[in-house]
Structure formats: structure tokens, C-alpha cells
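K.L.:
Provided below are the primary sequence and the corresponding predicted coordinates.
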Amino acid sequence: MDTIFEKLNEIVNSVFENRVESASRVIAEAIALYENLLEQQEKAHNETLEQREAEKMWIYQKRQELEQVQKGLEVILSKCTIV
């Protein structure tokens, strides 16, 4: 009877250990998947920030150019009204 109990105990332990290992492996894979996803999202976020900064700089440069054109037109107009 003791040997049957020991065998049953070994079988139950073996099955339980296999299930725990399988669950641990699935959990580890899920964690790795989420970490990868977070890294991709962080990269996309940083690229978006860099793109936004580049667009802001471009807009700032165009504004300066337009202000220079406006000043030039004001000079031309002031000369035309003087004559």
C-alpha cells in the first residue's frame, strides 16, 4: 500500500511540476512579448517626438522667412507711397 501511495505521489508531483513549468514558460513568453511591444511603442513615441520637433523647427524657419518678406514688402510699399 505504501508503494502504491508513493507511486501515486510521484505521478501527481510529476504532473504538477510539468504543469508549473509549462505555465512558467508561457508567462515568460508573454512577458517577453509585452517587453518587446513596450520597446516598439517607446521607439515610435521617440520618433514621433523627433518628427514633431523637426516640424516645429521647419515652421519657425518659414515664419522667419515670411517675416523677412513682409518687412521687405513694407519697405517697398513705404517707398511707393513716398513718391
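P.N.:
The structure has been received and is ready for your questions. Residues are numbered from 1 along each chain as shown.

K.L.:
so which helix or strand takes in the most centrally placed residue in the chain?
P.N.:
Geometric centre of the chain, nearest residue: residue 41, 1.9 Å, by Cα atoms, centre = their mean. Using DSSP states H and E, residue 41 sits in helix 2-82.

K.L.:
ok now that helix, how far from the chain's centre?
P.N.:
Taking Cα atoms, centre = their mean, to the nearest Å, the mean C-alpha location of helix 2-82 is offset from the chain mean by 0 Å.

K.L.:
what mean pLDDT does that helix have?
P.N.:
Mean per-residue pLDDT for helix 2-82: 94.

K.L.:
Distance of the residue nearest to the centre of the chain relative to residue 34?
P.N.:
Separation of residue 41 from residue 34 (Cβ to Cβ, to the nearest Å): 10 Å. Yep, even glycine has a C-beta here, placed from its N, CA and C like the rest.

K.L.:
Residue 26 too?
P.N.:
Counting by Cβ to Cβ - residue 26 and residue 34 are separated by 13 Å.

K.L.:
repeat for residue 21
P.N.:
21 Å.

K.L.:
And residue 67, by the same measure?
P.N.:
49 Å.

K.L.:
Next: residue 8.
P.N.:
On the measure of Cβ to Cβ, residue 8 and residue 34 end up 39 Å apart.

K.L.:
neighbours of residue 48, just the number please.
P.N.:
10 (other Cβ atoms under 10 Å).

K.L.:
and it, what is it in contact with?
P.N.:
With contact set as Cβ atoms under 8 Å, 6 or more residues apart in numbering, residue 48 has no partners.
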